[in-house]
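Q: Show me the folded form of this:
(chains A, B, C and D)
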2 protein chains.
Amino acid sequence: MTSLAEENYLKEIYKLHEKNGAMVSTSALADALQINAASVTDFIKKMAVKKLISYQKSKGVKLSEQGRQIALSIIRKHRLWEVWLVNKLNFKWDEIHEIAEQLEHVVSKKLIEKLDDHLGFPKTDPHGDLIPDVNGQFIKNSSKPLLDHKTGDKTRFVGVAEHSNSFLQYLTKNKIKLGDELFVESIEEFDSSFQVKINRKEQKLLSRDVVKNLLVIDL
Amino acid sequence: MTSLAEENYLKEIYKLHEKNGAMVSTSALADALQINAASVTDFIKKMAVKKLISYQKSKGVKLSEQGRQIALSIIRKHRLWEVWLVNKLNFKWDEIHEIAEQLEHVVSKKLIEKLDDHLGFPKTDPHGDLIPDVNGQFIKNSSKPLLDHKTGDKTRFVGVAEHSNSFLQYLTKNKIKLGDELFVESIEEFDSSFQVKINRKEQKLLSRDVVKNLLVIDL
DNA sequence: ATACATATTTAGGCTTACCTAATTTTATTT
DNA sequence: AAATAAAATTAGGTAAGCCTAAATATGTAT
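A: Residues are numbered from 1 along each chain as shown, chains lettered A, B, ... in the order given. Just a heads-up that it's a prediction; the model follows:
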């Protein structure tokens, strides 16, 4: 059995690895988990003994295959619960993170199977993040930040690279939602702000910080 | 904030009080929680300091009003989750207890409100237990064990006094479910077994242990 | 290469929630 | 009422998961 703390460490190591690649540093983990670095050092040593991760002193940690599977199962649960909260309980996409953080630790294989069924086997969560299957596999899509695109590109908004409430609320307020078509009208060279036409209707000016965090696929 | 352990203690104290009335003894609690009696003594002293319970040395504990409200909110959550598991996820009534024991500790007022709504504001859980409202109130029904009835009584099965999987599975196997009409054909004086006609069709012999745990209302 | 800053680890401590063994209190039997 | 059994408490201890302060490594700038 893996404890609550272990599950949180594994999940965070997985996420940081996805984001930055390679080894995850003690301080990055400490920062993400809001836990003192000394405590993190302590804890990861124990996790290494349990073969959940590999740990090289002063160099950081990496998930073992076992650790990766557990991390993915937590992420799977988190994202399925998020789908449930939004699709069945009518929560907004900026209200669900904390609740899913609790629900993800509920232990019951059968529950998750049935939940998946109940939701119609969704492939993505309300933020466009991919939901791993029971075996930890997922179909990678080729989404990239809108920032990487150029004038004239026609794209579809499929996910966010930033999950903060303030960003999600910004998008809601500006009526930008998953599935929208985003057409790049022009790019201001000075500050990388984008003039974007949304669903062939409204035009909006989006700052660099915004387009950096909008994940889109080419159309 | 109340910890997981505190919530479990409060819930168990509430249940034992309902069952046996008056003060709840250290050993009864220890037994219900599967925790050593010495640990229980320790813990309830701390809970008394926090005014969650009142504690009289060597005499047992009683919930404070605050403790009672917390206990009822846990029970409310537990039972709502059980309804969800059965009505929405198609779990059987003997598969849900452990899962609900985990879900009941998830903290989010809004979640429970929305869950309640999603379920259509149920008044009872899949075992016929009453679901307290947000304020901890519930409409007591007048159900009694079938054992307390006499030959010729026409009743409706509305709840179980025993929640073990083996009892629930016994009922399933014998096609006795909540809402069924149970008519007392005859009672064997020797062993208090009941000849019961179910829904005016099949007749079944039910042992004392069974009829003791079937809660019914008069028709 | 040395000095300095930053990251990491070590050492020692704390709290929560449990444990066992021993003692004391309460209840029951003779 | 004394003896015995059962229940409850006290005392001392443990593991998990965190903390701070001090020491050591690592990386960067001069």
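Q: Please make it C-alpha for all contacts and neighbour counts, starting now.
A: Will do.
Q: quick one: the helices in chain A?
A: Taking DSSP state H, the helices of chain A run over residues A:4-20, A:26-33, A:37-49, A:65-87, A:97-103, A:109-118, A:165-173, A:208-213.
Q: do you know how far the nearest residue to residue A:73 once chain neighbours are set aside is from residue A:75?
A: Sequence neighbours aside, residue A:136 is the residue nearest to residue A:73 in space, at 6.6 Å (criterion: Cα to Cα, 6 or more residues apart in numbering or on different chains). For residue A:136, the distance to residue A:75 equals 9 Å [Cα to Cα, to the nearest Å].
Q: more crowded one of the two?
A: residue A:75 (27 against 16; other Cα atoms under 10 Å in any protein chain shown).
Q: Now do the contacts for the nearest residue to the more buried one once chain neighbours are set aside.
A: In space, not counting the residues next to it along the chain, residue A:75 is nearest to residue A:11; the distance is 7.0 Å by Cα to Cα, 6+ apart. Residue A:11 is in contact with A:71, A:72, A:74, A:75, counting by Cα atoms under 8 Å, 6 or more residues apart in numbering or on different chains.
Q: can you put those in CSV and add distance to DNA strand C and pLDDT?
A: Compiled in CSV, those are given as follows (distance: Cα to the nearest atom of the strand, whole Å; pLDDT from 0 to 100):
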residue, distance to DNA strand C, pLDDT
A:71, 21, 98
A:72, 24, 98
A:74, 23, 98
A:75, 24, 98
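Q: Please tell me which one of the residues you listed counts the most neighbours.
A: residue A:75 leads the contacts of residue A:11 on contacts (other Cα under 10 Å) with 27 neighbours.
Q: Run through the residues that contact that residue.
A: Per Cα under 8 Å, 6+ apart, neighbours of residue A:75: A:11, A:104, A:131, A:132.
Q: before we move on, the earlier item: can I get the helices of chain A in CSV with distance to residue A:193?
A: CSV is the format used below for those (distance: least, Cα to Cα, whole Å):
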stretch, distance to residue A:193
helix A:4-20, 24
helix A:26-33, 29
helix A:37-49, 37
helix A:65-87, 31
helix A:97-103, 29
helix A:109-118, 39
helix A:165-173, 16
helix A:208-213, 5
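Q: just to revisit the earlier point, where does the residue nearest to residue A:73 sit relative to residue A:74, distance-wise?
A: Residue A:136 is 10 Å from residue A:74, by Cα to Cα.
Q: Residue A:145 too?
A: From residue A:145 to residue A:74 the distance is 26 Å (Cα to Cα).
Q: Report the central residue of chain A.
A: Nearest to the geometric centre of chain A sits residue A:129, at 5.5 Å (Cα atoms, centre = their mean).
Q: isn't that residue right next to residue A:163, touching?
A: No: checked against Cα atoms under 8 Å, the pair residue A:129 and residue A:163 is beyond contact range at 10.3 Å.
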